[in-house]
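Engineer: the following comprises the amino acid sequence and a computationally predicted model.
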Amino acid sequence: MILIVCAVAAEIDWLGTRAGVETLVTGVGPVDAAARVGRALSERTYEVVLNAGIAGAMPGIAVVGDGVVVGEELMEINVENGERLALPPGNMVADRVPSDGQLVEAITSLGFKLVRGITVSRVTATEATAMRLRERGAEIESMEGFAVLRAAQLAGVPALEVRGISNFVGDRSSSQWDFEAGLRGLRTVVNATLDVLYTTPANAD
């Protein structure tokens with residue numbers, strides 16, 4: 001069974017009912033996403049978690065309407081100036097998590113661009129913040145990606161994040177926000193991913 005996770009129903013209600021697929025709408029933001037995915041994975045066994053939604057891209061990384069594959073997701077858990085938290089010896093902060101490598105390879109081989117994401121709790125609206133995130137290596141931003149991948153990682157379930165690009169990250173006046181275009185990109189990459197997963201016997205219902 002495949003679990004498709006999205007923040008809002010509009011991102012995935014086009015899918016309808018498919019054999020071997022369940023959908024989970026978590027609500028917006030990393031807290032609800034982590035809590036609801038964690039609960040779902042504790043209640044039922046899934047072969048794959050697919051985080052699917054729209055996202056903003058740094059200029060030059062992708063265009064509005066693209067579908068992309070997220071190979072790694074970052075989250076800012078540090079001191080305001082960028083330094084790491086001072087923790088007792090032996091303790092580390094989990095501030096990055098990968099998508100499943102085999103799934104990433106399979107989907108990017110179809111021509112979808114591989115990007116690095118960052119999870120934020122508020123939408124970037126200035127060029128200064130966009131530049132700071134870009135300096136950390138972020139290429140797209142979402143509000144749930146890290147939470148979903150991390151919850152799946154802790155549960156030992158392979159997971160992949162795919163996104164449709166709906167806007168550019170930075171000044172909102174030049175973001176070119178277009179939900180429908182982002183949704184078209186998302187549909188393309190989700191359908192391609194499901195085609196791959198349906199051909200893998202381990203992911204059969």
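Structural biologist: Received, thanks.
Engineer: contacting residues around the closest residue to residue 98 other than its chain neighbours?
Structural biologist: Once flanking residues are discounted, residue 98 sits nearest to residue 72: 4.9 Å by Cβ to Cβ, 6 or more residues apart in numbering. To be clear about C-beta, it is placed using only N, CA and C from the backbone, and glycine gets the same treatment. When the contact criterion is Cβ atoms under 8 Å, 6 or more residues apart in numbering, the partners of residue 72 are 96-99, 116-117.
Engineer: tell me the strands beside the helix or strand containing residue 72, with direction?
Structural biologist: Using DSSP states H and E, residue 72 sits within strand 67-75. Using DSSP bridges, strand 67-75 pairs in its sheet with strand 96-98 (antiparallel), strand 113-119 (parallel), strand 159-168 (antiparallel).
Engineer: residue 76 is nearest to which of the ones you listed?
Structural biologist: strand 113-119 (7.3 Å; Cβ to Cβ).
Engineer: residue contacts, the residue positioned nearest the centre of the chain?
Structural biologist: Taking Cα atoms, centre = their mean, the centroid of the chain lies closest to residue 145, which sits 3.5 Å from it. Contacts were defined as Cβ under 8 Å, 6+ apart; by that measure residue 145 touches 51, 53, 55, 70, 73, 117, 119, 161, 163.
Engineer: any idea how far residue 116 is from it?
Structural biologist: Counting by Cβ to Cβ, to the nearest Å, the separation of residue 145 from residue 116 is 10 Å.
Engineer: show me where pLDDT drops low in the chain?
Structural biologist: The model of the chain has pLDDT under 70 over residues 81-82, 200-205.
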